[in-house]
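Novice: everything below, folded, please.
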Amino acid sequence: MIIGLSASLVLPGLAGARVSAKDEAARLAALFDHAQTLASVRGIPLAWQADSGGYGFYDWRGSWSTHVNDSVLRQRTLPPGITLGFASGLSVAAATSIVPPLAQGSLATNSASIGQPMLVFPGQGFMRPFRLTVTSTEGTWNVMGDVAGRISLVAAGAP
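Specialist: Numbers count the residues shown, from 1 in each chain. Okay, the predicted model is just below:
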């Protein structure tokens, strides 16, 4: 299982490979599942943040740090033609300062330094539901998370 997870995270990133929305959504689902597990095992929150060029994970060390002590959760560039859209099952907070860890599983915007939605994988407790849409010319896929931290991949428009 670990080999399969590693392969699913590495193979789509090979140079010159064309990545579909389904491939990128599957990679994100695997990364989110890994981040949720790692945060739970360590008891320390991890966060995910994206912008138009890519995404990365952040570690809580008294403040959010881009250095996550896990090589799988490194900063990544979005493949050409892939766009991301984010919706929370609850709400997006307006211009919230990220000083202490966010409320468990919360989604917030820090306009001062981050400027984009941030999903927090709590070290303990429950995660807020979310839906991340991954779109390319080949279609749209949803990466979804529920309150129990289960991450799933669903084709857009599927019931």
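
Novice: residue 80: neighbour count?
Specialist: Counted by other C-beta atoms under 10 Å, the residues lying close to residue 80 total 8. All C-beta atoms are positioned from the backbone trio N, CA, C, and that covers glycine.

Novice: go on, residue 150?
Specialist: Residue 150 is flanked by 11 other residues according to other C-beta under 10 Å.

Novice: which residues in the chain form strands?
Specialist: 46-51, 54-60, 64-65, 76-77, 83-88, 107-109, 117-121, 130-136, 139-145, 151-155 (DSSP state E).

Novice: so can I have CSV of the ones you listed showing mean neighbour count?
Specialist: Converted to CSV, the strands of the chain look like this (neighbours: other C-beta atoms under 10 Å):
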stretch, mean neighbour count
strand 46-51, 21
strand 54-60, 19
strand 64-65, 17
strand 76-77, 14
strand 83-88, 16
strand 107-109, 20
strand 117-121, 24
strand 130-136, 20
strand 139-145, 21
strand 151-155, 16
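
Novice: next, format those as TSV and append distance to residue 22 and mean pLDDT.
Specialist: TSV is the format used below for the strands of the chain (distance: least, C-beta to C-beta, whole Å; pLDDT from 0 to 100):
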stretch	distance to residue 22	mean pLDDT
strand 46-51	18	85
strand 54-60	17	86
strand 64-65	30	78
strand 76-77	17	90
strand 83-88	14	74
strand 107-109	24	40
strand 117-121	20	76
strand 130-136	8	89
strand 139-145	5	91
strand 151-155	8	93
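
Novice: nothing else from me, thank you.
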